[in-house]
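Asker: Have a look; sequence and predicted model below, questions after that.
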Amino acid sequence: MPHRHSILCIIPPYMMHEIVMNGSPEQRDFALRSITISEQLRAHRRTALEVMSFMGARPVRAGKKRIVYDAENGSKLPGAEVRQEGDDPVSDPAVNEAYDGSGITYDLFFDVYGRDSIDGNGLRLDSTVHYQKGYDNAFWNGQQMVYGDGDEDLPESERMFNRFTSALDVIGHELTHGVTSYEANLAYWDQPGALNESMSDVFGSLVKQYQRQQSAANADWIIGEGLFTANVNGIGIRSMKAPGTAYDDPVLGKDPQPAHMKDYVNTIEDNGGVHINSGIPNRAFYATAVELGGFAWEKAGQIWYKTLTDKLAERSNFQDAANLTFETAGELFGAGSLEQQAVRTGWSEVGIAAGAGTGENGTGGTGSGDGCFTAVLRAIGLAK
Amino acid sequence: MTKIFFERTGGFMGRKVNATIDLDDLPDEQAELLDDLLDEAGFFELPADLTRPAMPDAFTYNITVSSDERQHSVRVSDATAPDDLRPLLEELSRQARMRR
């Protein structure tokens, strides 16, 4: 796993201040950039703002570098370069959507979580549009994002899908797969795979909410809104708020996502149902965010981001994710805090007890403690 | 006679489409196209499992071709398919999407 901004952990804010005041131009740039990155870290926030206002400096955007390619309906990747960072919009909407969408996704990760691109180190964001003919999909191939045009090759009366760049959360979803591959690197099957998918839906949805400046209560929590044509009876591909209700169509069938552990789907298809069972952690995030109120990318997003980057591992399952988001909430906001309680509530909505089985590390206050306490009360007949 | 069993799973939506195609039932032109695409892909010489590493949201394709003399199955994904196989995947996907 790469070490991101590790220098921030070593150089205290006052020293950054010194570098800005007395350093060489390069050192100053670096310090200002680092201070900008660290803006989200509470401990550094005040200093960063003070230093920047003192210097009259504006936050420096570290490394947003985008290239959009056109596969011209073939399969060869990346294809012909059609737009790069700083270029004006072109006449092809798919190109502009891929460019703008990856830009907004970069902004969410940078502005809110202090992350400089997919790898945390300014990795260039490559996207290819117009992949194949009738390709009703988008994917992350380990190096770049790839988008098809839907089923534009069918007669209009039979088309069900629009181009996949048309939904901003799809772009955020694909790019987040890149982030996950550099961090927890969740295996792409069974529960780790469904968590991988859920992380992409979570941050994909947050990109859309961030762009619209929508609160958790006002967001639609639909993934892939606008991907279906008018021929389909559905509002989008998935619903994080109510998994299983996004579509119900004579041709496509019904949205197969479960909203609770009791409905977990055991299957060997789709790498063990990674796009099906992701409904469970998706809803846990939604429920946590709504419980907390305000903008979902702030507290709930922060908890999930830190869990993805610092805690989850290749084989983590849903229970691990519940325990680790609970632990992270305790670290960020305090054991027993409202934030930590909201995480527990979120997971309990889907039938998973967060914090169960985790002991020490100082975060189990309201966690396993409650469980033990209740168990004792039950034993002496004071609780059911 | 040659029969093709085709199934596409996974993808952003996790939706399955499939088709069973009997080349004898097709107009000559379409049957020849599929024959050519199978040849071009070197289908019968391909390894049976080409699905790893699994890449997020890529489609997984299962193809079985059986004729009087031989039968062969291949599993492959968008991220791992050999270039020569891609035109066949695209054509079979098209047919599966149209046959729904």
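Answerer: Sure thing, it's come through. Residues are numbered from 1 along each chain as shown, chains lettered A, B, ... in the order given.

Asker: Now the phi/psi pair for the residue of chain A found nearest chain B, please.
Answerer: Using CB to the nearest CB, residue A:275 is the residue of chain A that sits closest to chain B, at 3.0 Å. For every residue, glycine as well, the C-beta is placed using N, CA and C. Phi and psi for residue A:275, reported as degrees, to the nearest 10, are phi -90, psi 0.

Asker: To what extent is it buried, counted in neighbours?
Answerer: Other residues near residue A:275 number 27, with proximity taken as other CB atoms under 10 Å in any protein chain shown.

Asker: That one contacts residue B:9, correct?
Answerer: No - using CB atoms under 8 Å, residue A:275 is not in contact with residue B:9; the gap is 9.7 Å.

Asker: what secondary structure does the spatially most distant residue from the centre of chain B sit in?
Answerer: Computed with CA atoms, centre = their mean, the residue of chain B farthest from its C-alpha average is residue B:56, at 19.9 Å. Under DSSP: H, G, I helix; E, B strand; the rest coil, the three-state class of residue B:56 is coil.

Asker: Quick one: residues contacting it.
Answerer: A:139, A:140, A:174, A:177, A:188, A:196, A:197, A:200 (CB atoms under 8 Å, 6 or more residues apart in numbering or on different chains).

Asker: Give the buried residues for stretch B:26-42.
Answerer: Buried residues in stretch B:26-42, counting neighbours by 16 or more other CB atoms under 10 Å in any protein chain shown, are found at B:31, B:33, B:34, B:37, B:38, B:41.

Asker: For the stretch 1-150 of chain A, list the residues in contact with chain B, please.
Answerer: Proximity of the stretch 1-150 of chain A to chain B (CB under 8 Å from any CB of the partner chain) is limited to residues A:75-76, A:132-142, A:146.

Asker: can you check the stretch 251-384 of chain A too?
Answerer: Checking the stretch 251-384 of chain A against chain B by CB under 8 Å from any CB, the hits are A:251, A:252, A:256, A:269, A:270, A:271, A:273, A:274, A:275, A:276.

Asker: so of the residues you listed, which ones are in strands?
Answerer: Among those, DSSP state E puts none in strands.

Asker: Let's see which of those end up in helices.
Answerer: A:269, A:270, A:271, A:273, A:274, A:275, A:276 (DSSP state H).

Asker: Enumerate every residue touching the most centrally placed residue in chain A.
Answerer: Nearest to the mean C-alpha position of chain A, counting by CA atoms, centre = their mean, stands residue A:203 at 2.1 Å. Residues near residue A:203 by CB under 8 Å, 6+ apart: A:105, A:108, A:109, A:172, A:173, A:176, A:179, A:301, A:304, A:305.

Asker: And for the second one, the neighbour number?
Answerer: Put plainly, it is residue A:108. 24.

Asker: A helix includes it, no?
Answerer: Yes - according to three-state DSSP, residue A:108 belongs to a helix.

Asker: so where do the strands sit in chain B?
Answerer: B:2-10, B:17-22, B:49-50, B:59-67, B:71-77.

Asker: And chain A, is the last one touching that?
Answerer: It stands for strand B:71-77. No - with CB under 8 Å from any CB as the criterion, chain A is not reached by strand B:71-77; the gap is at least 8.9 Å.

Asker: Flag every buried residue along that strand.
Answerer: Going by neighbour count (16+ other CB under 10 Å), the buried part of strand B:71-77 is B:74, B:75, B:76, B:77.

Asker: possible to save the residues you listed as TSV with pLDDT?
Answerer: Formatted as TSV, the buried residues of strand B:71-77 follow (pLDDT from 0 to 100):
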residue	pLDDT
B:74	98
B:75	97
B:76	97
B:77	96
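
Asker: Tell me the one of those residues nearest residue A:96?
Answerer: Within the buried residues of strand B:71-77, distances to residue A:96 taken as CB to CB reach their minimum at residue B:77, with 28.9 Å.

Asker: Tell me if I'm right that that closest one and residue B:59 touch.
Answerer: Yes - with contacts counted by CB under 8 Å, residue B:77 reaches residue B:59, the gap being 6.5 Å.

Asker: Give the intersection of the neighbour lists for those two.
Answerer: With CB under 8 Å, 6+ apart as the test, residue B:77 and residue B:59 both reach residue B:10.

Asker: Close to chain A: what parts of chain B are there?
Answerer: Residues of chain B lying near chain A (CB under 8 Å from any CB): B:9-16, B:53-60, B:78-79, B:83, B:86, B:90, B:93-94, B:97-98, B:100.

Asker: hmm, back to that, per-residue confidence at the residue nearest to the centre of chain A?
Answerer: Predicted confidence (pLDDT) for residue A:203: 98.

Asker: Residue A:293 now?
Answerer: pLDDT, residue A:293: 98.

Asker: In chain B, which residue sits nearest chain A?
Answerer: residue B:14 (3.0 Å).

Asker: Does that residue touch residue A:272 like I think?
Answerer: No - using CB under 8 Å, residue B:14 is not in contact with residue A:272; the gap is 10.8 Å.

Asker: More neighbours: the two, which one.
Answerer: More crowded of residue B:14 and residue A:272, by other CB under 10 Å: residue B:14, with 23 against 19.

Asker: quick one, what contacts that one?
Answerer: Contacts for residue B:14 (CB under 8 Å, 6+ apart) come out as A:256, A:270, A:273, A:274, A:275, A:276.

Asker: JSON lines for the residues you listed, including pLDDT and distance to residue A:316?
Answerer: Listed next are the contacts of residue B:14 as JSON lines, based on pLDDT from 0 to 100; distance: CB to CB, whole Å:
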{"residue": "A:256", "pLDDT": "97", "distance to residue A:316": "23"}
{"residue": "A:270", "pLDDT": "94", "distance to residue A:316": "19"}
{"residue": "A:273", "pLDDT": "97", "distance to residue A:316": "17"}
{"residue": "A:274", "pLDDT": "98", "distance to residue A:316": "14"}
{"residue": "A:275", "pLDDT": "98", "distance to residue A:316": "18"}
{"residue": "A:276", "pLDDT": "98", "distance to residue A:316": "18"}
